[in-house]
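Novice: model the structure of this input:
(one chain, ligands or ions: 1)
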Amino acid sequence: MASMIFSDCSSSATARLLPLRCHKLHRSCSVLSFCRRVSLPLTSTRPLLPSLSSLQAHVSSTFVSVSVTAKMATESSAIVIDGKSVAKQIREEIAVEIARMREATGIVPGLAVILVGDRKDSATYVRNKKKACDGVGINSFEVNLPGDTTEQEVLNSITKFNEDPSVHGILVQLPLPKHMNEEKILNAVGIEKDVDGFHPLNIGRLAMRGREPLFVPCTPKGCIELLHRYGIQIKGKKAVVIGRSNIVGMPAALLLQREDATVTIVHSRTNNPEDIIRDADIIISAVGQANMVRGSWIKPGAVIIDVGINPVEDPESPRGYRLVGDVCYEEVVKVASAVTPVPGGVGPMTIAMLLSNTLSSAKRMHNFN
Ligand SMILES: Nc1nc(=O)c2c([nH]1)NC[C@@H]1CN(c3ccc(C(=O)N[C@@H](CCC(=O)O)C(=O)O)cc3)C=[N+]21
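Specialist: Okay, the predicted model is just below:
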């Protein structure tokens, strides 16, 4: 029985990656509740869903086709936040804007991507970004440098793109090879082309009240965009961000705070992380540990945004591995009110936000609204 309940989260591949403490599955949903299946005709201007706290009273929303089965639930099921279709919708919106700009000004937004070394995952991400650019009509420029390139050569590429008026965004694919000083390289990207939002000036402005960054980092921006497009209220909610990285955890916490959430960051040195997480209305997890967050750590009805994209061994998959999140999906789906899947959650949103930042950059540089 236990092996069925934990089928995915306690798989042997996962267990090898993680020294998991074994938790009993949280099964506190003994009240009358609903099994929901949601299909999403996405709109950009109105919330897709009523706020989740009032979802049960609004299941017949005109914006969402929801099939509802009422039952005495020992296993309710969260709404699956469909990042893949939201991202598609956003890309369509961006494509329309790019065409409008091109027709009015003749200008086509350009994104330069610098890839150093031959990491397979990085090459895949860069290829996906290029494909996404092609799909919306952004010109992409790519530089591939070998892993033993000097820092100076990377800086030279950045300078070239900083000076090139057909480039509106510059992205240095991370991680960089170990011998390079990431800080120095990211500082070299002109802040007006920093579509990743990693420049310290952009991050600094994000952290300050009354200041506006030119760009917000793509992954955290994508997380907030998902909450907005699903009509999930952030203001006044208790939000917990798991992980404090420069590129996801920390800017995600800053963004949530800007949205008037009360934010706690949980990290590897936090005492009793589970107790803090169990208090959260909204959880953004960005730690990179497969299936770390268990169902028993979640307050019933919480909203979970899973940023983790972790490969776990899977002999049945053609690639030999599959991707799972930081969150033990099949456990939390029974406790949360909404959850992002992996894949198909935050990942596609990261790329959509990159395209959005590149378009904004081109608009700003050419005074086009
Ligand atoms: N300067 C820089 N900026 C980045 O934004 C950046 C980076 N470096 N380095 C690596 C990470 C990772 N990242 C992802 C983007 C999309 C997916 C994505 O679309 N994932 C698909 C799955 C893809 C698959 O199946 O392989 C999904 O989650 O559905 C994942 C990961 C951007 N990153």
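Novice: any idea how many residues pack against residue 120?
Specialist: Counted with other C-beta atoms under 10 Å, residues neighbouring residue 120 total 7. The way it works is simple: take the backbone N, C-alpha and C, and place the C-beta from them, glycine included.
Novice: OK, contacts around whichever residue of the stretch 1-150 of the chain sits closest to the ligand?
Specialist: Proximity of the stretch 1-150 of the chain to the ligand (C-beta to the nearest ligand atom) peaks at residue 125, 5.1 Å away. Counting by C-beta atoms under 8 Å, 6 or more residues apart in numbering, residue 125 touches residue 173.
Novice: for the stretch 101-250 of the chain, what lies in contact range of the ligand?
Specialist: 125, 128, 171-174, 196, 218 (C-beta under 6 Å from any ligand atom).
Novice: restricted to helices, list these.
Specialist: 125, 128, 218 (DSSP state H).
Novice: in stretch 223-232, what's buried?
Specialist: Judged by neighbour count using 16 or more other C-beta atoms under 10 Å, the buried positions of stretch 223-232 are 223-232.
Novice: and residue 304, how far is that from the ligand?
Specialist: Computed with C-beta to the nearest ligand atom, to the nearest Å, the distance linking residue 304 and the ligand is 15 Å.
Novice: same question, residue 246
Specialist: 11 Å.
Novice: burial check on that residue, number of neighbours?
Specialist: 15.
Novice: and the strands in the stretch 251-369 of the chain?
Specialist: Secondary structure of the stretch 251-369 of the chain (DSSP state E, counting those that start in this stretch): strands located at 262-266, 282-285, 303-306, 310-313, 321-324, 338-339.
Novice: now for the fourth one, which elements pack on it?
Specialist: If I follow you right, that is strand 310-313. Counting contacts by 3 or more C-beta pairs under 8 Å, 6 or more residues apart in numbering; DSSP states H and E, strand 310-313 packs against helix 12-17, strand 321-324.
Novice: the closest residue to residue 221 other than its chain neighbours: what's it in contact with?
Specialist: If the residues on either side of it in the chain are set aside, residue 221 comes closest to residue 353, at 4.6 Å by C-beta to C-beta, 6 or more residues apart in numbering. Residue 353 is in contact with 90, 216, 218-219, 221-222, 225, counting by C-beta under 8 Å, 6+ apart.
Novice: mind listing what's buried along stretch 185-195?
Specialist: For stretch 185-195, the neighbour count (16+ other C-beta under 10 Å) marks 185-189, 192-195 as buried.
Novice: oops, could you answer that again for stretch 199-215 instead?
Specialist: 199, 202-203, 205-206, 213-215.
Novice: which of these fall in helices?
Specialist: Using DSSP H, the subset of the buried residues of stretch 199-215 located in helices is 202-203, 205-206.
Novice: and the stretch 251-369 of the chain, which of its residues are near the ligand?
Specialist: So far as C-beta under 6 Å from any ligand atom goes, the stretch 251-369 of the chain lies against the ligand at 309, 323, 342-344, 347-348, 350-351.
Novice: out of the residues you listed, which are buried?
Specialist: Counted by 16+ other C-beta under 10 Å, those give 309, 323, 342, 344, 347-348, 350-351 as buried.
Novice: could I get those in JSON lines, plus columns for pLDDT?
Specialist: Shown next, in JSON lines, are those (pLDDT from 0 to 100):
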{"residue": "309", "pLDDT": "96"}
{"residue": "323", "pLDDT": "96"}
{"residue": "342", "pLDDT": "98"}
{"residue": "344", "pLDDT": "98"}
{"residue": "347", "pLDDT": "98"}
{"residue": "348", "pLDDT": "98"}
{"residue": "350", "pLDDT": "98"}
{"residue": "351", "pLDDT": "98"}
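Novice: closest to residue 277 out of those residues?
Specialist: Nearest to residue 277 among those, counting by C-beta to C-beta, is residue 342 at 17.9 Å.
Novice: residue of this protein nearest the ligand, please.
Specialist: residue 347 (2.2 Å).
Novice: check contacts around that residue.
Specialist: 83, 309 are the contacts of residue 347 under C-beta under 8 Å, 6+ apart.
Novice: show me what the helix ranked longest in the chain is packed up against.
Specialist: What stands out as the longest helix in the chain, according to DSSP H, is helix 83-105. In terms of contact count using 3+ C-beta pairs under 8 Å, 6+ apart, helix 83-105 is assigned the packing partners helix 120-136, helix 218-229, helix 346-365.
Novice: what's the angle between the shortest one and helix 346-365?
Specialist: Angle of helix 218-229 versus helix 346-365, following axes from the mean of the first three to the mean of the last three C-alpha atoms, to 10 degrees, is 100 degrees.
Novice: can you name the next helix or strand after the longest helix of the chain?
Specialist: Next along the chain after helix 83-105, taking DSSP states H and E as the criterion, comes strand 110-116.
Novice: send me that next one as CSV with only the CA atoms.
Specialist: Once non-C-alpha atoms are left out, strand 110-116 reads as follows in CSV (Å, rounded to 0.1, in the frame of the first residue of the first chain):
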residue,chain,number,x,y,z
GLY,A,110,17.0,41.0,-31.2
LEU,A,111,18.2,38.6,-28.5
ALA,A,112,21.9,37.6,-28.2
VAL,A,113,22.7,34.4,-26.3
ILE,A,114,26.3,33.6,-25.2
LEU,A,115,26.9,29.9,-24.4
VAL,A,116,30.3,28.9,-23.0
